[in-house]
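In: Below: sequence and its predicted model.
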Amino acid sequence: MAFSKGDKVTWNTPQGTTEGKVVEKHEKEFSFDDQKFNASKDEPYYTVESAKSGKQAAHKESALSKK
């Protein structure tokens, strides 16, 4: 399942399920918030923005669900 910029998605956090939108798709290594992520075409990562807090985070595609 692939997501596109602007798609509404949900993901799990220690506080429970959070929802937001996809900001960017990554298919090669990238840095976010002082962390390196090894994204690839087979295992993309996405930058997502929380609808509640407005904060951004990076997640594997498998950690996201379409809302």
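Out: Arrived safely, thanks for sending. Numbers count the residues shown, from 1 in each chain.
In: Now do the contacts for residue 6.
Out: Residue 6 makes contacts with 21, 22, as judged by Cβ atoms under 8 Å, 6 or more residues apart in numbering. Just so you know, the C-beta spots here come from the backbone N, C-alpha and C atoms, and that holds for glycine as well.
In: can you name the farthest residue from the center of this structure?
Out: For the chain, the C-alpha lying farthest from the average C-alpha position belongs to residue 15; by Cα atoms, centre = their mean, that distance is 16.7 Å.
In: Can you list phi and psi of it for me?
Out: Residue 15 adopts backbone torsions of phi -90, psi 0, taken as degrees, to the nearest 10.
In: Who does residue 22 form a beta bridge with?
Out: Each beta-bridge partner of residue 22 is listed here: residue 48, as defined by DSSP bridges.
In: same question but for residue 35, I mixed them up
Out: With DSSP bridges as the criterion, residue 35 is bridged to residue 32.
In: before we move on, back to that, got a list of what the residue farthest from the centre of the chain touches?
Out: Neighbouring residues of residue 15 by Cβ under 8 Å, 6+ apart: there are none.
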